[in-house]
Structures are given as structure tokens and as C-alpha cells.
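Task: produce atomic coordinates for the following.
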Amino acid sequence: MLGTIPNFNNGAVISLMMLLPSIISMAILHYLDKQSIEYDNFSDFRAKENKVRDLCFAILAILVVAFILMIFIPIFIVPFTESWPYNLSWTSKHLVSAFRDSTITKAFTNSVFISLLVAVIGTALAYLAAILTTRSKQPAFIKKAIDLMATISNTIPGMVLGLAFLLVINGTPLKSTFTIIIIANIIHYFSTPYLTLKSSLDKLSKSWETTAALMGDNFFQTVWRILTPNAVTALLEVMSYYFTNSMVTISAVVFLYSTRTILMTTKIQELQYYNKFNEVFILSIMLFLTNLIVRALFNYLSQRNQKKMEAH
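Have a look, this model is predicted:
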């Protein structure tokens, strides 16, 4: 599909073949659903102290982190050198030049804007789907249909999804809009948030709804007052997942953006085409730092919620 002369027919056949693993995934998920465990009480678990074990795993972790850092170090060095690798003297001119480019700042603000909406809307939809399949009294075929859609969305390659959206919306007002990019990202990454929230809700006692009903609460009040406070940690994790993946995705949105809706990743692809690697690395650093800050914020909120729950 990315060749000089795209062959959509053969690409469609390959895409259908890549949907076959979803059948296996559904069978595995159906089996695992039967093994789910409900938790009525929560307690802290601490592993027994073992200095030799801890030292071995600490060394292993340090080696893994060091290997990962070795890969990323050039990204943080190249933009701040005069001319890599010939003149390694330090300079900030590439950084200043990048920030003077209005298209780069526009791509950054567009990416953050879209990622925030994807995180909020995507989390709400995934939570609603998880509520329907785990805590509601909907017919079994509706629950299985949601499971099937969630699994299939994870097996479709992003590029195929982007092309499908492009062919469907071509000639409509949705073409090259923020709306279609947000929809594509939510669908593309829907599976993991849905399964995360479903697993979290499955572990909560089913008797809570009965108790709430006896106290006069309806289903929606039970979800808001009881289930949601106990799922806050999972909801924050899902929001973080949606945001970070939406910031770095390229496969689906590469067919859906325009000059008005350009994103960081599509801008990087454009700069790479013209061999502007200093700007590519600067944008990569911006993406990395943005996701790092957002991830740290969600981790803080998650830990704060955990302490609050333990206090109660």
C-alpha cells in the first residue's frame, strides 16, 4: 500500500488475513474470563526480604535501562552540536530555529489538543463499554459484540485503519479534520483501555450492586458512587495510555491529516523526507518530554488516589 503504485486489492486481502488472529484472541479471552477472581477485601502484599535476589534483579534492571539510554542518547546530543558528526561544538541555534518555525509549534499544539480529547473521550467510551459487559444486565450477544469489536480493533494495522477511514470519508466534511483523527485514534487504541477497565471492574464484588439496590440506589448511582471510585486508578492508567499513544502515533493518521491539522509525528515524517534531522530530533525530544511529564502527573494522581483509598 505504500509502494509507488499502491495495490489496494492485495492490501485488502492481507488486511483480512491479519484479522484471523482476532479469532484466537477471542477464544483466549473467553477462557480467561472464566478464570477471573473477585476481590471482597484488599490487603498489602510484601515479598520476603532477599538481598541476593534483589541485587540480581537490580543489576538486570540497570543493564536494561543503560541499553535503552544508549539508543536514545544521540537524540539529545545531535541537535545541540554544530554539525554532527564533523563539528561537535555545542550550539543552540538549531533549537532556536526550530521554535521560530510556526509549523512546528502548530504541530505541537495540535498534537496536545488531539491527545487530550482522545484521552478524555476514549476513556469515557472504554469505561462505558466495560460497564456494559461486566456490570450490566445486557443480553449476552451485546456483550460478546463489544468484546469482538474491541479485539478486532487491536488486530487491524493502523495503516489499514487510516486507509479505510480515508476511503470512507473521502469527499465528506470529515476529511482532514480533527474529528476524524480523534475517532481514528480512539478506535485504533480502544482494545487495551477496554480490557484494562474490564479486568478492573471484574475484580470488584458483584454483591455491591445488590447492596446498593437494597439501599435505594439505581444502577447509575451505583456506578457513580461505588464502582467509579474503585476504578479511578485504572481510569487514570487508561487516560495516560490514550494520551501517550495518541501523541506518538503515525500509522493511522498519516492518511488523515492536512496542513491545518498537522501533528508532531507527521511533521517529523515530513522533516525526515528533507533530511532535516536536527529538527526531527528536537521534535522527538519535545514528544518525549511531554509524554514523560504527563506520565509523571498521572502516576502522581494514581498514587494519591491509592493512599486516599487506603486511608478509608
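
Quick check, pLDDT for the closest residue to Ile169 other than its chain neighbours.
Among residues not flanking Ile169 along the chain, Lys175 sits closest, at 5.2 Å (CB to CB, 6 or more residues apart in numbering). Yep, even glycine has a C-beta here, placed from its N, CA and C like the rest. We have a pLDDT of 87 for Lys175.

Lys175 is in contact with Val168, isn't it?
No: contact between Lys175 and Val168 fails when scored by CB atoms under 8 Å: they sit 9.9 Å apart.

can you give me the strands for the stretch 51-200 of the chain?
Counting by DSSP state E, counting those that start in this stretch, the stretch 51-200 of the chain has strands at residues 81-83, 87-90.

Among the ones you listed, which comes closest to Ala164?
Closest approach to Ala164 among the strands of the stretch 51-200 of the chain (CB to CB): strand 81-83, 42.5 Å.

What are the contacting residues of that closest one?
87-91 (CB atoms under 8 Å, 6 or more residues apart in numbering).

how about 10 Å then?
Applying CB atoms under 10 Å, 6 or more residues apart in numbering, the contact partners of strand 81-83 are 87-91, 93-94, 278.

Give me the sheet partners of it and which way each runs.
Partners of strand 81-83 in the sheet, by DSSP bridges, are strand 87-90 (antiparallel).

what does the strand it pairs with rub up against?
Residues from elsewhere that reach strand 87-90 (CB under 10 Å, 6+ apart): 77-78, 80-83.

What residues of the host helix or strand of Met309 count as buried?
Met309 is part of helix 277-311, with elements assigned from DSSP states H and E. Using 16 or more other CB atoms under 10 Å as the burial criterion, the residues of helix 277-311 that qualify are 277-287, 290-291, 294, 298, 301-302.

check contacts around Ile186.
Contacts of Ile186 (CB under 10 Å, 6+ apart): 117-119, 121-126, 153, 193, 242, 246.

shaky segments in the chain?
For the chain, residues meeting the criterion pLDDT under 70 lie at 1-4, 22, 26, 29-30, 33-44, 209-210, 311-312.

Hmm, Ile250 and Gly162 touching each other?
Yes: if you go by CB atoms under 10 Å, Gly162 and Ile250 touch, sitting 9.4 Å apart.

More neighbours: which of those two?
Gly162 (25 against 16; other CB atoms under 10 Å).

need the contact list for the more buried one.
Neighbouring residues of Gly162 by CB under 10 Å, 6+ apart: 1, 156, 180-181, 184, 188, 249-257.

Out of the residues you listed, who's the most crowded?
Neighbour counts for the contacts of Gly162 (other CB under 10 Å) peak at Ile181, which has 28 neighbours.

Please determine how far that residue is located from Ile169.
Distance, Ile181 to Ile169, by CB to CB, to the nearest Å: 11 Å.

residues shared between the contacts of these two?
Listed as contacting both Ile181 and Ile169 by CB under 10 Å, 6+ apart are Leu256.

buried stuff in the helix or strand containing Phe220?
Assigned by DSSP H and E, Phe220 belongs to helix 219-222. Within helix 219-222, the residues that qualify as buried are Thr222, counting by 16+ other CB under 10 Å.

packing partners for that helix?
Contacts defined by 3 or more CB pairs under 10 Å, 6 or more residues apart in numbering; DSSP states H and E place helix 219-222 against helix 207-214.

Show me the contact partners of the helix it packs on.
Here helix 207-214 has contacts from 38, 40, 135-137, 205, 217-219, 221-223, 225-227, 230, using CB under 10 Å, 6+ apart.

same check, this time on stretch 10-23
With CB under 10 Å, 6+ apart as the contact definition, stretch 10-23 has outside contacts at 1-3, 7-8, 148-157, 159-161, 163-164, 191.

Ok, stretch 281-294 next?
Stretch 281-294 is contacted from outside by 72, 74-80, 84, 94-95, 97-99, 101, 104-105, 107-108, 111-112, 115-116, 119, 239-240, 243-248, 264-265, 267-268, 271-272, 276-277, using CB under 10 Å, 6+ apart.

CA atoms of it as CSV?
Below are the C-alpha coordinates for stretch 281-294, written out as CSV (Å, rounded to 0.1, in the frame of the first residue of the first chain):
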residue,chain,number,x,y,z
PHE,A,281,15.4,15.1,17.0
ILE,A,282,14.2,18.4,18.5
LEU,A,283,10.6,17.3,17.9
SER,A,284,11.3,13.9,19.2
ILE,A,285,12.7,15.5,22.5
MET,A,286,9.5,17.6,22.7
LEU,A,287,7.4,14.5,22.3
PHE,A,288,9.4,12.5,24.9
LEU,A,289,9.4,15.3,27.5
THR,A,290,5.6,15.9,27.0
ASN,A,291,4.8,12.3,27.5
LEU,A,292,7.2,12.0,30.4
ILE,A,293,5.5,14.9,32.2
VAL,A,294,2.0,13.6,31.5
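
Make residue 1 into 897 and carry on from there
Got it, first residue is 897 now, which makes that one stretch 1177-1190.
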